[in-house]
Structure formats: structure tokens, C-alpha cells
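In: Based on what follows, work out the 3D shape:
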Amino acid sequence: MRVRFLAMSAILISLIACTKDFDETAGPAVGRPAGDEKILNIPEGASAGVLAVKVTPAAVERIEQGVTRSEGTRSGVESIDLSLDEIRTWGFARMFRDEPFEADLRAAGLHLWYVARFDSEVDLRRAARALSSSESVAWVEYMRPPVRPSRRRLLSAADPGSVRVDGAPCNDPGLDKQWHYHNTGSLYGSKAGADVSLFDAWKICSGDESVVVAVLDEPVQYDHPDLEANMWINTFDSDSKLRHGANFTTSTPGALNWNYRDSFGEAPTGHGTHVAGTIAAVNGNGEGVCGIAGGMNGRGGVKIMSCQVFGAKDREESVSDALIWAANRGAHIAQCSLGYSPLFNEYDWLNSCGYEVDAIDYFIAHPRTTGPLEGGLVIFAAGNDGNSRYYTSSGQRQQVKDLRIPMAFYEPSIAVTSISPDYLPATYTCYGKWCDIAAPGGDSEAFGDSGTIYSTLLTQDGSYGYMEGTSMACPHVSGVAALGLSYAAKLGKRFSTDEFRCLLLSSTDYIDNYFIGTKRSTNGYDYDRYGNMMGPFSCMLNMSDYKGKMGGGLVNAYKVLMAVEGTPVMTVPAGSQTAVSLEDFLGGAAQVMDFSVTDTYGEAQQIGLTCSRNNGKLLVMAPKSGAARLTLKCTIGETKVERPIAIVVRESFAANGGWL
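Out: Numbers count the residues shown, from 1 in each chain. Purely as a prediction, here's the structure:
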């Protein structure tokens, strides 16, 4: 589905048909001001002196053939030029360019977007209205740079320990700190199984070099000793500065720069490097940490393409530029632990779709000539303002329960919420019916550093440390998606984007029944409706508020691989015999006398799982957690029939007694 802006009526239709559901009104109602029918977004919090302008197809032909002053302020279209003169425009140029792929950009209509730059003292609303008055202008959009990752979620740096995790398939010493991959419940207050079920998945697949993940973030330290072997190598551009990715904070893609300091004098936090480590830190190299799709024995991991969208001066087009550039160079997944100021009502969202949405659509739809996915997946962090509040116009504090982050809220993208090591929502996570899937993001308030996410950090020597946030949950979903695509590549399968997106979102563990009682938050902040921080606060969070609003469930790597394989999954408790009905898998053949079960890969023997049959049911017994693929065999008439089935053994019940 796509949100398209063809006419005002089309906008209203697309809001109903193409956006994620609204579950409650979070802020005061705001109507569209008269005369602003062609203006997207709101001016509050937007960048001064710059506007995005989408011209009509007829106008672009005249612009490209028209007269241009030396300072680039003339379009060649009289009505546009009158508006440009009125606001004293000093620059008017096309927004998106990627010369080797010009035909693709034009086919997607991206050549219709221009950027008008003018004196920052000119009133933004007046400038937008002036430009929108031209019949040759389709849309005008207020622009804002992406929001940087919050500094508070860099908790500490630490050297990896040397404890070997039971059942671990690789020797990386920091794996014992990565509860988010394999949670045994040993961390006080945590629950066994509150993880992404990675150890069982690694027995089947650990990554494939044909899969590329673009990390849109701070720059990834491409020479980090635990990342270097899994960095993407650019074969599209001859410029050596673009070997592992590009910097989009400049007008043309440039070299990655992790030595920059922003306008406040702050150096990068290492956020992008931390994210990249969760996806594809090199596995089995005896060093540091593990990545979800990082390969095994030091090779075979998915590739990380670094797309720097934060710099000394953040650029409004950086995310959109990066999405287009990455799609053109074959990235299958766009990992986006970033956002824009939270939205509070339907009007804000209705007016927040423009060049960013066109760029997302391009990344998703642009055909990939190689790899297991025909298009692309765009995965966004849901945001870390879930327990924030705002002041109403009367000055009364009112809780905001459905903050929406632009682009994460856009239906074709995947919005990721964050859980703690106990299956509960993290205190900071945004949530709502618009969210798609949950993943471990950690929660220092309840568990300290050890209950957050441990991964690679940006330092001269390449170190490791803890961070938390939906920024850290998001790469778990990107990593699992990359792992699923890796398995598809190994099986010779190829999915459409819609097919794989549905597969990913439906291969989860149900967690809503854990959401009971309350949870204290002491780390929240008050905001006004435009995202301006007002001050700190503490409160008790009602866990029932999160039911149905954390996505379809907790991402599960093993279930994703089984879905790619086409094998149904049954989950049973450890330590007791369970009868599993097989009629859904074999129909009436489940009752035949010659029915048998085979331990397909010897996995049942490894975890001590035993099976027998009784009246069309499979009697399963296993002493401990694990997973095994079995083959059900029988004869129907004179035809021998075989059906695969995966048995997952877990040690703990969900709150309602149902199995996760």
C-alpha cells in the first residue's frame, strides 16, 4: 500500500486505507489552515530557510529546459519564479540525483522534487503559501532533519568477559552478556526465553554474504575488528571513499566520517556501530560479541552498508538520499534507528508524507537483480517517548499514550517496539496499534547495564559496551530478517517484499499475556505538543495499556527460518509429556497404522526429545529447552507421504498458561 498525494480527497482516502490504525486521540484536534491545501507537515520545529517543492510533470519539462540565473534562483516557470522572487530565494535545485540510476529515479517520479533555499528570517508559513500558490507546484513540504539518537542510552563501555554460554555454537567471549540472543533467566528478575530464539536458529543458518543491510545512522566503524569482515564492498562506484558506504550529510555522497563533531561540539556516540554489531558482528572469530546474521567461524555473514545520515550539520534530505542510494546499490534491508519529532494527532500525520515517503516507497519497490528478495524492507525504531507527557492549552498535564514517529508510522515500513529481559515493555518504548513487532531493547531502570544490549562500540581500537532503546530493538528485527533472507538464499528461494514482510511479522511469540500489573518509570520527560522538553517526571506505567499495541509479538529467529523453509512449528513444555494433534498436518492420514516419525537432522537426540504416537497424536517428551525438526511419514493408499514439522521446547508458560 502507498500513501499518495494526488488531491485533497485522495489524501483523506489514503489516510483510511494506507496508514496504520489510530487507537486513540493523543493530542488536541488541529485543523488544516485555510489556503494550506497543498502544504505538507507543520511549520513548528521545521528547519528555517528551506522548503521541499514537488512540481507537476508538465512543469518539470520547462524547468529542465528553462533559463537559470548564475545563482540558481530561476526555474523557467513564470508562476514559480514569481514566488521564488517573493521569498528572496537564493537556491532552487533538484533534490535527488544518482546519475547511474537517473532512469529509475524518473520512473518513480523522484525528479519532481526540488529544494528551495532562502533567507532564514523569512517566515516559513508565508514562504510555503507563496510557493504553493503556483499551479505548477503540486506540493510544498516543511523540512526537518532526522532526530539524533539520545545520548542517555549510551550507558557504559565494558570489555567482554570469558564465560562460555551453555549450548553456544561459537567462541566469542562477549556472548555471555548478550541475553537478548539466548536468555536463560539467570539475570535477576528476567524470564527464560525473553530473547530472539537465536541459538536454535544458528544450527540451521548463521548468515549469507548475498544479503545486504544498509544501516542509516551515525557512521559504522568499518575497520572495527569485529565488523570489518562483514562490511559491504562497493562495486558500483569507482570512488574509493565510498568503499563501505557513504556520508549523506553533504550535498553529494562523501566519505564516512566518524571524527566529526556536531554543532554542540559532541562527538558521535557510536550508535551506528552498536546497531551494526547486533546485526552482523563476526561470529566465531574468538573476539568480542556475536551478530544475529554474522556468519560462523569468522566468515559467511550478511554485509553491512554504512549510510551516514548524521554529521556536523544534519541535512534534511540525508535519510531520503540514503534510502535511494542504498536501494540502487542492492541493499535488501534499510535499518533505521532514527526518527523525527513525535506526532500527536491525525492532522500531523496527514501532513507529514512527502519526499520521505517517496524515498521509502522507492527502497521497497526498486527491483533487486540479485539476492533472495525482489524488493526491500524498511525497518524503523518505534521511538523512545512512550511514557512522555505534554501540556494541554489549559496548562493541565495529560498523558500521551500514542505518540507516533513519522516514517515508523508509515504502513509499508516496519515499526519495532522494545521489551525488557522479562517480556515486559521497556519503560521508554513508544507503542500503539500502528506498531508491528517487538524485540529486545533492554531496560536499565529495572535491570541496570546488564539488562540492556551489549554490542560493538566506536573507538580507536574497537571496543564493546551497553546501550538501550528501540534503537537497539530495531537491529534485532533487521538481523532476524537478514537471517531469514540468508536461509532463503541457501535454499534457492526468492520472496516478494510483501511475502517476506508477512512471513516475518507472523513468525513471532505472543507476549501480551505478560502485560499485567504496573512498572515504575523514573526516566520520563514532559514535552509540549511540538516535542519541546519541559522537564523530568516519574510515574507508574500500567502494563495493560500496552496490550495489542506492541506489535504482533516478539520476533523469533527460529520461527522465521521455519517459515522460510515451509515447516510448521509446534511449541511444547519441557519436562512433561505433551500430546500434539497431527490432523492439521496429515489430515486423516494421521490415523493410519504405519505412521512414523524420523529425527531428520539428529536434533531431537541432541536435546533428548523422544516421540511416540497414539490415535493420531504425537506424544512428545523433552527434558530441556531446544528445537528439533522431525519428518512425519505414512502411506496413503500406495503413496508414501512425508511432512516436516518443527518442535520447539520451552521451560516456562506465558501468563495465561498458553505456550509462547
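
In: Can you pull the poorly scored residue ranges out of this structure?
Out: Confidence mapping of the chain against pLDDT under 70 gives the ranges 1-35, 66-73, 149-167, 263-264, 341-353, 387-404, 523-537, 589-594, 652-660.

In: Which residue ranges make up the domains of it?
Out: Taking automatic domain parsing as the domain assignment, the ranges for the chain are 46-142, 171-563, 567-650.

In: so which of those comes closest to Arg148?
Out: Shortest separation from Arg148 across those is recorded for domain 171-563, at 5.6 Å, computed as CB to CB. All C-beta spots, glycine's among them, are computed from the backbone N, C-alpha and C.

In: Do a quick rundown of the helices in the stretch 101-250 of the chain.
Out: Taking DSSP state H, counting those that start in this stretch as the test, the helices found in the stretch 101-250 of the chain are 102-107, 124-132, 198-202.

In: the helices in the stretch 251-400 of the chain, which residues?
Out: Assignment of helices within the stretch 251-400 of the chain using DSSP H, counting those that start in this stretch yields the ranges 271-280, 318-328, 346-350, 355-365.

In: Kindly apply the preceding question to the stretch 401-550 of the chain instead.
Out: Listed in chain order, the helices of the stretch 401-550 of the chain (DSSP H, counting those that start in this stretch) span 444-447, 470-491, 497-506.

In: Tell me, how many residues neighbour Glu499?
Out: 13 (other CB atoms under 10 Å).

In: Then Asp119?
Out: Other residues lying near Asp119 total 12 when counted by other CB under 10 Å.

In: Identify the residue spatially nearest to it, adjacent ones excluded.
Out: Spatially, and ignoring its direct neighbours in sequence, Asp119 is nearest to Arg88 (5.5 Å; CB to CB, 6 or more residues apart in numbering).

In: Next one: Met570 from Leu618, what distance?
Out: 8 Å (CB to CB, to the nearest Å).

In: ok, now Leu483?
Out: For Leu483 relative to Leu618 (CB to CB), the value is 28 Å.

In: go on, Gly45?
Out: Gly45 sits 58 Å away from Leu618 when distances are taken as CB to CB.

In: Neighbour count: those two, which is higher?
Out: The residue with the greater number of neighbours, taking Gly45 and Leu618 and applying other CB under 10 Å, is Leu618; the counts read 24 against 13.

In: ok, now which ones touch the residue positioned nearest the centre of the chain?
Out: Among the residues of the chain, the one closest to the centroid is Ile379, at 2.5 Å (CA atoms, centre = their mean). Each residue near Ile379 by CB atoms under 8 Å, 6 or more residues apart in numbering is listed here: Ile333, Ala334, Gln335, Cys336, Ser413, Ile414, Val416, Cys474, Val477, Ser478, Ala481.

In: Only the buried subset of the residues you listed, as a ChimeraX command please.
Out: Under the burial definition 16 or more other CB atoms under 10 Å, those of those that qualify are selected in ChimeraX by:
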select :333,334,335,336,413,414,416,474,477,478,481
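
In: Distance to Ala168 for the contacts of Ile379 - can I get that in JSON lines?
Out: Shown next, in JSON lines, are these (distance: CB to CB, whole Å):
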{"residue": "Ile333", "distance to Ala168": "26"}
{"residue": "Ala334", "distance to Ala168": "30"}
{"residue": "Gln335", "distance to Ala168": "25"}
{"residue": "Cys336", "distance to Ala168": "30"}
{"residue": "Ser413", "distance to Ala168": "33"}
{"residue": "Ile414", "distance to Ala168": "29"}
{"residue": "Val416", "distance to Ala168": "25"}
{"residue": "Cys474", "distance to Ala168": "24"}
{"residue": "Val477", "distance to Ala168": "22"}
{"residue": "Ser478", "distance to Ala168": "22"}
{"residue": "Ala481", "distance to Ala168": "23"}
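
In: residues contacting His111?
Out: Val60, Arg94, Phe96, Glu102, Leu105.

In: Leaving out chain neighbours, which residue sits closest to the fourth one?
Out: Setting aside the residues directly before and after it, Glu102 is nearest to His111 in space (CB to CB, 6+ apart), at 7.9 Å.

In: My guess is Pro425 contacts Tyr546. True?
Out: Yes - at 4.7 Å, Pro425 and Tyr546 qualify as touching, with contact defined as CB atoms under 8 Å.

In: Common neighbours of these two, please.
Out: Common neighbours of Pro425 and Tyr546, counting by CB under 8 Å, 6+ apart, are Tyr431, Phe515.

In: ok, the closest residue to Met621 other than its chain neighbours - contacts?
Out: Beyond its immediate neighbours in the sequence, the residue positioned closest to Met621 (CB to CB, 6+ apart) is Gln577, lying 4.6 Å away. With CB under 8 Å, 6+ apart as the criterion, the residues that contact Gln577 are Leu619, Val620, Met621.

In: go on, Ser197?
Out: Ser197 makes contact with Asp509, Asn556, Ala557, Tyr558, Lys559, Ala627, Val648 under the criterion CB under 8 Å, 6+ apart.

In: and it, how far is that from Ala627?
Out: Separation of Ser197 from Ala627 (CB to CB) stands at 8 Å.

In: any residues in contact with both of the two?
Out: For the pair Ser197 and Ala627, residues contacting each of them under the criterion CB under 8 Å, 6+ apart are Tyr558, Val648.

In: right, and Asp385 touches Tyr431 too?
Out: No - taking contacts as CB under 8 Å, Asp385 lies outside contact range of Tyr431: 10.4 Å.

In: Off-centre distance for stretch 139-152?
Out: The gap between the average C-alpha position of stretch 139-152 and the chain average comes to 17 Å, counting by CA atoms, centre = their mean, to the nearest Å.

In: To clarify, my last question referred to stretch 559-569.
Out: The gap between the average C-alpha position of stretch 559-569 and the chain average comes to 21 Å, counting by CA atoms, centre = their mean.

In: and for that stretch, what are the contacting residues?
Out: Residues external to stretch 559-569 that are found in contact with it (CB under 8 Å, 6+ apart): 197, 201, 204-205, 480-481, 483-484, 487-488, 491, 493, 503-504, 506-509, 558, 584-585, 629, 644-648.

In: Any of these buried? List them.
Out: Looks like the contacts of stretch 559-569 have 197, 201, 204-205, 480-481, 483-484, 487-488, 503-504, 507-509, 558, 585, 629, 644-648 buried, using 16+ other CB under 10 Å.

In: for Thr600, phi and psi?
Out: The main-chain torsion angles of Thr600 are listed as degrees, to the nearest 10 and equal phi -50, psi -50.

In: so what's it up against?
Out: Applying CB under 8 Å, 6+ apart, one finds that Thr600 lies in contact with Arg629, Leu630, Thr631, Pro644.

In: The last one and Ala628 touch, don't they?
Out: No - no contact is recorded between Pro644 and Ala628 when judged using CB under 8 Å, the distance being 11.1 Å.

In: For stretch 273-280, which residues meet the burial criterion?
Out: For stretch 273-280, using 16+ other CB under 10 Å, the buried residues are Thr273, His274, Val275, Ala276, Gly277, Thr278, Ile279, Ala280.

In: Check stretch 504-523 too.
Out: For stretch 504-523, the buried set under the neighbour-count rule, 16+ other CB under 10 Å, comprises Leu504, Leu505, Ser507, Thr508, Asp509, Ile511, Asp512, Tyr514, Phe515, Lys519, Ser521, Asn523.

In: Does the third one touch Leu554 like I think?
Out: No - if you go by CB under 8 Å, Ser507 and Leu554 don't touch, sitting 10.4 Å apart.

In: sorry, back to before: please narrow the contacts of Thr600 to those residing in strands.
Out: When DSSP state E defines the strands, the subset of the contacts of Thr600 inside them is Arg629, Leu630, Thr631, Pro644.

In: would TSV of the contacts of Thr600 with distance to Ala128 be doable?
Out: Compiled in TSV, the contacts of Thr600 are given as follows (distance: CB to CB, whole Å):
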residue	distance to Ala128
Arg629	58
Leu630	63
Thr631	64
Pro644	58
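
In: possible to save the buried residues of stretch 273-280 as CSV with distance to Ser133?
Out: Written out in CSV, the entries for the buried residues of stretch 273-280 read as follows (distance: CB to CB, whole Å):
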residue, distance to Ser133
Thr273, 47
His274, 47
Val275, 43
Ala276, 46
Gly277, 50
Thr278, 48
Ile279, 47
Ala280, 49
